[in-house]
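Peer 1: Sequence plus the predicted model coming up.
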Amino acid sequence: SKFVYAFEEGSQNMKDLLGGKGANLSEMMRLGLPVPNGFTITTEACIEYLDRGEQLSDEVLTQLDEKLKELEDKTNKAFSSDENLLLVSVRSGAKISMPGMMDTILNLGLNDENVEKLAAKTEDARFAYDCYRRLLQMFGSVVYNIPMPAFEEYFEAFKKEKGHVTDADVPAEDLKEIVEQYKEIYIEEAHKPFPQDPKKQLTEAIEAVFKSWNNDRARIYRDLNEIPHDIGTAVNVQEMVFGNSGDRSGTGVAFTRNPATGEHKLYGEYLLNAQGEDVVAGIRTPKAIETLNEQMPHAYEEFVNVTKKLESHYKDMQDIEFTIENEKLFILQTRNGKRTAKAAINIAVDMVREGVISKEDAVAMVDVKSIDQLLHPNFNEEALKSAELVSDKGLPASPGAATGVVVFSALDAKAKAEAGEKVILVRPETSPEDIEGMIAAEAIVTTHGGMTSHAAVVARGMGKCCVTGCSDLEINTKEKYVKYAGKTLSEGDIISVNGSTGAVYIGEIETTKAEASDVFEEFMGWAEEIARLSVRMNAETEGDIKAGYSFNAKGIGLVRTEHMFFGEERLIEMRRFILASTYEERVEALNKIKVYQTEDFEGIFNLSQDRPSIVRLLDPPLHEFLPKGGEEVKAVADQLGVTTDFLEKRISELHEFNPMLGHRGCRLAITYPELYEMQTEAIITAVLNLKEKGIETKPEIMIPLVSTTQEFVILKDVVKKKAQEIMDAKGVQVDYLIGTMIETPRACLVAGELAQHSEFFSFGTNDLAQLTYGFSRDDAGKFINEYINREILNIDPFQTLDVEGMGQLIKIAVESAKSANPAIKIGVCGELGGDPKSIHFFNDLTIDYVSCSPFRVPGAILATAQSQV
Ligand code: ADP
Ligand code: MG
Ligand code: MG
């Protein structure tokens with residue numbers, strides 16, 4: 001097969017084979033841009049090399065010779081020529097740009113002999129020795145693994161001794177001396193000399209690039225970014241052009257638009273008499289690109305034209321590397337430029353307005369993650385650099401940036417917040433009892449727990465900054481302190497929490513505020529036009545619901561009624577209900593809760609107006625509402641007027657070995673139908689109350705955790721009877737839907753039958769994942785990372801849909817439900833409803849909507865649109 005391609009033979013579509021850099025060099029050559037000649041050794045050659053135990057095959061070596069000969073002919077230069085010496089760069093370039101891979105080697109081909117000839121040919125011998133010094137340094141570090149500081153420290157000390165300020169000040173004579181010393185360093189560090197034969201230099205350099213594919217840095221980077229390990233890298237060999245050949249030469253980089261703001265203006269920097277990465281290395285201060293217009297107007301004009309041509313060709317903002325040799329411009333690289341979230345939106349919208357791209361292109365171009373970034377405040381980048389870390393071991397559970405004083409309990413959080421302080425709640429982990437403290441806090445930090453722990457899920461739901469699993473912190477909630485890195489943080493100390501990175505810092509750090517703009521609105525409008533699925537929110541508090549609707553959610557996909565039982569007074573009544581021994585006592589307690597529930601539902605439906613709201617009837621096991629033990633049991637017993645013994649007995653009766661598989665969801669209501677009757681009464685009363693005020697609403701009543709049709713049929717009957725009774729008493733009829741949550745594998749398998757009785761389905765992906773794998777969601781943290789590291793799993797099924805397993809269950813359920821009841825409305829709620837990859841899968845099914853936390857709504861809208869393009 002063909003392993004080596006001249007730039008003329010490739011194109012932009014050959015990234016798999018030629019890597020990103022090589023494919024774009026080829027493309028630029030095809031566009032007629034001034035690109036130095038060269039060729040690319042393919043990613044297949046890399047894979048072959050690694051498979052053969054790090055050996056270049058004869059086939060590759062032969063093709064390499066041929067292409068080198070062609071290059072020599074084309075350039076009229078040669079490795080062995082005294083008159084026209086060929087020097088090349090060796091540049092790695094995988095399909096996906098990958099920092100952590102091998103660096104570039106420049107000026108390859110120089111040796112002791114030809115450097116002198118080159119020096120004699122040029123006006124200033126300095127140029128030749130500068131090139132040689134650079135080659136020795138780059139080749140040594142990259143190919144022979146000599147630590148770069150070995151060269152740099154010597155060079156710095158030398159400059160200091162001679163009184164040279166910058167590299168460019170070092171004269172030829174001194175460079176000669178440096179080169180000699182560098183060769184000594186080879187012997188000391190690598191125990192072998194610098195290879196004098198250019199061909200040997202070239203093959204060794206190519207092999208080093210191929211080997212670097214498997215170095216630790218590269219592997220870690222690929223793991224982090226989900227890049228496959230078996231695609232290999234290409235190598236580009238390119239004729240050198242010299243930005244360091246005097247003051248009519250230089251090198252630089254430019255973006256076709258401002259990568260921080262998106263402003264449509266060339267943005268870049270350059271240095272005269274410089275080579276390679278001098279511009280980014282910060283040795284000399286580069287000049288702004290506009291200045292080039294004064295220094296070399298022709299080259300500048302040509303460059304501006306090239307940047308325009310490249311941007312309109314690639315239809316995206318470009319990041320371009322160039323070099324000027326004696327006023328002649330060369331383009332060395334182009335790629336789609338990295339940009340901030342703000343710039344991403346501005347650029348996409350501008351390019352549509354300019355007629356360069358379509359709305360579909362614009363929507364496809366913006367990363368869903370940048371939407372999240374835009375909606376949360378961020379820490380000032382500069383300020384972060386000098387901040388002192390408390391922990392960087394935590395997980396970025398919910399994005400945002402927050403500062404406040406440390407508190408160790410929900411009670412303290414509430415009290416201090418009420419007194420006007422900003423607080424950060426620091427806990428080993430959180431539980432439903434901490435809700436009020438979490439609401440009061442600016443951010444939540446836990447020392448245990450993962451991305452799907454209680455703290456993480458609730459915080460994301462609230463759009464609140466949260467870092468979980470800071471395993472290096474030692475927390476003592478009794479004595480109220482945290483130990484970190486040998487130091488102690490006490491209650492009242494100020495910390496800052498970065499929910500986007502998982503880091504926690506000492507003290508206050510300046511933030512930059514999130515801002516919704518007209519441009520953002522316009523962009524999101526296009527996404528909605530394009531999308532097929534609609535997006536609802538999972539929410540029950542006023543703040544969350546308002547936030548979700550401000551982001552254009554199309555309704556509420558999940559009201560978790562248990563969240564409404566945790567207010568102080570409600571909890572008392574709920575506990576009375578649980579402790580009651582007769583039906584009458586239970587109903588009495590429920591009647592009190594009903595008053596609160598009715599009010600809450602009225603508030604929720606009023607915010608939704610004519611948009612649908614799914615209310616899930618009570619789901620968790622009852623013991624979640626009881627105190628955990630110790631002091632609290634006594635306090636609660638006193639409060640309820642029962643003995644501690646009695647309360648303890650009841651708690652132990654309610655104890656379950658597997659609470660998530662226990663007496664919960666619809667099973668509770670099979671035993672205590674009065675619970676769902678109370679909730680139905682509250683819902684229907686709320687709707688009737690609103691109707692009286694002229695507000696029509698659309699409640700959808702959902703029964704959780706169904707696994708048999710009988711369960712649903714019985715409870716549907718309970719709900720319908722109660723609803724009818726309430727409506728008849730008022731003499732007013734209202735519409736509502738009744739449906740079920742699909743969250744057990746059995747429900748998926750009997751979905752056709754369930755659908756005959758159900759007006760809607762909503763897939764509860766958290767429980768469904770838990771039951772599909774048999775992984776307890778609260779314990780999976782103990783092994784899931786190891787599973788992912790050892791490639792037993794390639795995703796965390798609680799965060800991204802497992803297409804092959806759980807996806808198939810969902811698919812079976814959707815298809816059989818639709819054929820049994822074509823009118824059925826189907827949605828998805830739970831964590832996966834906001835995950836872009838999962839959304840792509842749901843989009844391919846004939847479902848109607850996804851539902852997620854309010855702050856994930858905009859990202860989900862964008863993901864639903866991207867699924868369609
Ligand atoms: P990276 O992938 O790190 O960007 P590159 O392969 O683009 O590495 O090389 C880094 C720099 O080296 C380029 O920006 C350019 O300045 C310089 N360079 C690479 N090839 C050549 C060449 N043929 N002539 C002159 N300079 C080159
Ligand atoms: Mg680099
Ligand atoms: Mg580059």
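Peer 2: In hand now; what should we look at? All figures in this text were calculated on a predicted structure; none of them were measured in a lab. Ligands and ions are numbered 1, 2, ... in the order given.
Peer 1: So which residues of the stretch 451-600 of the chain form helices?
Peer 2: 454-462, 518-530, 542-550, 568-579, 583-608 (DSSP state H, counting those that start in this stretch).
Peer 1: Of all the ones you listed, which one is nearest ligand 1?
Peer 2: Ligand 1 lies closest to helix 518-530 among those, at 30.5 Å (Cβ to the nearest ligand atom). C-beta: built from backbone N, CA, C; applies to glycine.
Peer 1: OK, now which residue of the stretch 651-800 of the chain is nearest to ligand 3?
Peer 2: When scored by Cβ to the ion, the stretch 651-800 of the chain has Asn794 as its residue closest to ligand 3, at 30.8 Å.
Peer 1: contacting residues for the closest residue to that residue other than its chain neighbours?
Peer 2: What sits nearest to Asn794 in space, not counting adjacent residues and going by Cβ to Cβ, 6 or more residues apart in numbering, is Ile788, at 7.1 Å. Ile788 sits next to Asn794, Ile795, Asp796 when contact means Cβ atoms under 8 Å, 6 or more residues apart in numbering.
Peer 1: Next, the buried residues of stretch 833-840.
Peer 2: Gly833, Gly834, Asp835, Pro836, Ser838, Ile839, His840 (16 or more other Cβ atoms under 10 Å).
Peer 1: again but with stretch 382-396, I slipped
Peer 2: For stretch 382-396, the neighbour count (16+ other Cβ under 10 Å) marks Ala383, Leu384, Ala387, Val390, Ser391, Lys393, Gly394, Leu395, Pro396 as buried.
Peer 1: just checking, the third one is part of a strand?
Peer 2: If I follow you right, that is Ala387. No. According to DSSP: H, G, I helix; E, B strand; the rest coil, Ala387 belongs to no strand; its state is coil.
Peer 1: how close does it get to Val405?
Peer 2: According to Cβ to Cβ, to the nearest Å, Ala387 stands 17 Å off from Val405.
Peer 1: same thing with the fourth one?
Peer 2: Applying Cβ to Cβ, the value for Val390 to Val405 is 13 Å.
Peer 1: re earlier: show me the two of the buried residues of stretch 382-396 that sit farthest apart.
Peer 2: Taking Cβ to Cβ as the measure, the buried residues of stretch 382-396 span a maximum distance of 22.5 Å, between Ala383 and Leu395.
Peer 1: got a list of what the residue nearest to the spatial centre of the chain touches?
Peer 2: In the chain, the centroid-proximal residue (Cα atoms, centre = their mean) is Lys369; its distance is 5.3 Å. Contact analysis of Lys369 by Cβ under 8 Å, 6+ apart lists Ala341, Gly859.
Peer 1: go on, Arg133?
Peer 2: Phe155, Leu175, Ile178, Val179, Tyr182.
Peer 1: Identify each buried residue in stretch 312-332, please.
Peer 2: So for stretch 312-332, counting by 16+ other Cβ under 10 Å, buried means 313-314, 316-325, 329-332.
Peer 1: Leu571 is in contact with Phe625, correct?
Peer 2: Yes. The pair Phe625 and Leu571 passes the contact test of Cβ atoms under 8 Å, sitting 6.6 Å apart.
Peer 1: got any residues that touch both of the two?
Peer 2: What both Phe625 and Leu571 touch, as defined by Cβ under 8 Å, 6+ apart, is the set Phe565.
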